[in-house]
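# Can you look at this prediction? I've put the sequence above it.
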Amino acid sequence: MKLWLHHINLSTENVARMDAFYRDVLQLTPPTSDLPTLEKSKGYAGDVAFVSDGDIQLHLAQRDVTAGFNTGQIVNPVSHGHIAYRTDDLAAFRAHLESQNIPYSDWGNAAVAGWHQIFFYDPDGNVIEVHQSET
């Protein structure tokens, strides 16, 4: 089971303002590949912009404190943002979390088509995503 940093998600009330900031000030550009296809009818319908440094994506997501309730999940990844890793074996990673007694929310592909996502908390309450691309 391999993990690598895929993206950082920042939650905001104003996606356009954040997008302009990261494009203008940090000169980030839209990713050219591996963009998620959002599933806006499954519990999170917020706006999202995507920028990248060429390696790591930055997802600028409209803050939604009700997304966890709307999807029936404990962990809400768009209330305060999260850091996301991709894995080549999500089943093995879930088993690893369970062996460590770390609870997680299994969002499946409720937020992104083709990505199976799980979310959990680090010891200080920061949200971590681990996902596997199903394509």
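Received the coordinates, thanks. Numbering: from 1, shown residues only.

# rest of the way, CA atoms for contacts and neighbours
Noted.

# Can I get stretch 56-70 in CSV, CA atoms only?
Listed next in CSV are the C-alpha coordinates belonging to stretch 56-70 (Å, rounded to 0.1, in the frame of the first residue of the first chain):
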residue,chain,number,x,y,z
ILE,A,56,0.2,19.1,-6.1
GLN,A,57,-3.4,20.3,-6.5
LEU,A,58,-5.1,22.9,-4.4
HIS,A,59,-8.9,22.5,-4.2
LEU,A,60,-10.6,25.7,-3.2
ALA,A,61,-14.0,24.5,-1.9
GLN,A,62,-17.1,26.5,-0.8
ARG,A,63,-17.5,26.0,2.9
ASP,A,64,-20.5,23.8,3.8
VAL,A,65,-21.0,23.0,7.4
THR,A,66,-23.9,20.7,6.6
ALA,A,67,-22.2,18.4,4.1
GLY,A,68,-21.6,15.7,6.7
PHE,A,69,-25.3,15.8,7.7
ASN,A,70,-26.4,15.7,4.1
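
# Point out where the protein drops to low pLDDT.
Along the chain, segments meeting pLDDT under 70 are nowhere present.

# now the strands for it?
3-12, 37-38, 48-52, 57-62, 82-87, 105-108, 112-113, 115-121, 127-133 (DSSP state E).

# Can you name the residues bridging to the closest residue to His7 other than its chain neighbours?
Take His7 and drop its neighbours on the chain: the residue closest to it by C-alpha to C-alpha, 6 or more residues apart in numbering is Gln57, 4.5 Å away. Assessed by DSSP bridges, Gln57 has beta-bridge partners His7, Ser52.
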